[in-house]
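# Please work out how this folds:
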Amino acid sequence: MQSLLSVYPESERDAWILARRGPRNSVDPLRPYQFFVEEERTASGQIAQTAAVFLTNRECPWRCVMCDLWRNTLPESTAPGAIPAQIDYALARLPVARQIKLYNSGSFFDPHAIPPEDLEAIAKRVSAFDRVIVECHPALVGDACLGFKKLLRGRLEIAMGLETAQPEILARLNKRMTLKMFHSAAEFLRTNDFDLRVFILVKPPFMNEDEAVVWTERSLLFAFECGASVATLIPTRGGNGAMEALAEAGEYSPPKLRTLEAALERGIAMHRGRVFADLWDVAARTDCTKCRDARIARLRAVNLSQSIPEAIACDACE
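Below you'll find the predicted structure:
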């Protein structure tokens, strides 16, 4: 088996990651590439209809090794007026919801992705929502967040990707973020009365299955200590070229569904905030088809109830 350094370089990682990419998907700059309404448990325990709009815009400037979101992005800066048009398109086709997630495959406060001159128009379009959730890299958390917050009627929640609190692995992800940087951005948000949502990877590359639950729990603890009110656990997926190269070298394999279950249960047991399992495409990535559907249904139930039901026994995978 190849060594890590021979597969994944210490420097010029952007070039290594870009060289392993496939083609982008064809996207319309005036249409979001996906949108739907989902149910989400709120801090008060209610189940809120939540619109999720995945905006089409310029690719994130960071080249995280695990990221596949660039597939639905534009190679050039987003044109002024395009994002409001995309939101109009989605809202005209979605049922009524209380919350909205404006996710954009990067950072909402990246001026090349979301033109700053469009923020007022965006705020008007989401004025009916009680809560607006956007994502942002910690490096871009600052005055732009404050300006957008002032334009909104509802509560603004910022989602940041912590990924992992394991510092050596965090550095290898090429996110160009430290735990100290994340903590500083979170402190800015807390001081200025924002809500914080945190994304955490379950079993990122360079981590084995035995370590995954322990480090997810430690990452959750770090997130809650930084002031997060909600955390989403994302089972790390491949499919971007770079992850397949790491898999061939023995540095990555997708987490087992039971690992995601155990990590979610640890988070719920903390009673520090809401913890959700991201179930996007999870049915296609599970390791045991016999118990898969029952386990996914259980995870959905935990997401909504924030309680831990009876475990599922499976003689095929236990």
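# contacting residues around the host helix or strand of Phe276?
Assigned by DSSP states H and E, Phe276 belongs to strand 274-277. Residues outside strand 274-277 that contact it (Cβ atoms under 8 Å, 6 or more residues apart in numbering): 40-41, 43, 220, 229-233, 235, 260-261, 263-264, 267-268, 299, 302-303, 306. No exception for glycine: its C-beta is placed from N, CA and C like everyone else's.
# Run the chain-centre distance for it.
Its chain's C-alpha centre and that of strand 274-277 lie 12 Å apart, by Cα atoms, centre = their mean, to the nearest Å.
# so what does whichever helix or strand comes after it touch, helix or strand wise?
Using DSSP H and E, the next helix or strand after strand 274-277 towards the C-terminus is helix 292-305. Under the contact criterion of 3 or more Cβ pairs under 8 Å, 6 or more residues apart in numbering; DSSP states H and E, helix 292-305 touches strand 34-41, helix 257-270, strand 274-277.
# just the helices in the chain please.
For the chain, the helices defined by DSSP state H cover 4-7, 13-19, 82-91, 119-125, 143-151, 167-172, 179-191, 209-225, 242-248, 257-270, 292-305.
# about what we covered before: show me how to select, in ChimeraX, the buried members of the contacts of strand 274-277.
Only the buried entries of the contacts of strand 274-277 go into this ChimeraX selection, using 16 or more other Cβ atoms under 10 Å:
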select :40,41,220,230,231,232,233,235,260,261,263,264,267,268,299,302,303
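# what stretches of the protein score poorly on pLDDT?
The chain contains residues with pLDDT under 70 at 1-6, 285-286.
# what bridges to the residue most central in space within it?
Here the mean C-alpha position of the chain is nearest to the C-alpha of Phe199 (Cα atoms, centre = their mean), at a distance of 4.7 Å. In this entry, Phe199 is beta-bridged to Gly161, Thr232, by DSSP bridges.
# Hmm, Leu162 and it touching each other?
Yes: contact criterion Cβ atoms under 8 Å: Phe199 and Leu162 qualify, at 6.6 Å.
# re earlier: closest one to Leu279 among the helices of the chain?
In terms of Cβ to Cβ, the element of the helices of the chain nearest to Leu279 is helix 292-305, at 6.0 Å.
# what does that closest one rub up against?
Under Cβ under 8 Å, 6+ apart, the answer for helix 292-305 is 39-41, 47, 257-258, 260-261, 264-265, 268, 276-277, 279, 282-283, 286, 308-309, 312.
# before we move on, back to that, could I get the helices and strands packed on helix 292-305 as CSV with distance to Arg58?
Shown next, in CSV, are those (distance: least, Cβ to Cβ, whole Å):
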stretch, distance to Arg58
strand 34-41, 17
helix 257-270, 31
strand 274-277, 28
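# Among those, which comes closest to Ser107?
strand 34-41 (18.3 Å).
# tell me what the closest one is packed against?
Packed next to strand 34-41, using 3+ Cβ pairs under 8 Å, 6+ apart, are strand 47-54, helix 292-305.
# which of these is buried the deepest?
Stretch with highest mean neighbour count among the helices and strands packed on strand 34-41: strand 47-54 (a mean of 18; mean count of other Cβ atoms under 10 Å).
# Measure how that one sits relative to helix 82-91, angle-wise.
With axes from the mean of the first three to the mean of the last three Cα atoms, to 10 degrees applied, the angle from strand 47-54 to helix 82-91 works out at 140 degrees.
# now Arg153: how far from Arg131?
The gap separating Arg153 from Arg131 is 10 Å, by Cβ to Cβ, to the nearest Å.
# Of these two, which one has the most company?
Arg131 (21 against 12; other Cβ atoms under 10 Å).
# contacting residues around the closest residue to Pro29 other than its chain neighbours?
In this structure, Pro29 finds its nearest non-sequential neighbour in Ala82, 5.2 Å apart by Cβ to Cβ, 6 or more residues apart in numbering. Applying Cβ under 8 Å, 6+ apart to Ala82 gives the contacts Pro29, Leu30, Thr56, Asn57, Asp118.
# Redo those as a markdown table? Include distance to Met177 and neighbour count.
Output for these, formatted as a markdown table (distance: Cβ to Cβ, whole Å; neighbours: other Cβ atoms under 10 Å):
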| residue | distance to Met177 | neighbour count |
| --- | --- | --- |
| Pro29 | 28 | 15 |
| Leu30 | 32 | 15 |
| Thr56 | 25 | 23 |
| Asn57 | 21 | 30 |
| Asp118 | 26 | 19 |
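# I'd like to know how many residues surround Leu162.
24.
# I misspoke; the intended subject was Asp281.
Asp281, neighbours per other Cβ under 10 Å, totals 10.
# cool, Pro167 as well?
When neighbours are counted by other Cβ under 10 Å, Pro167 comes out with 11.
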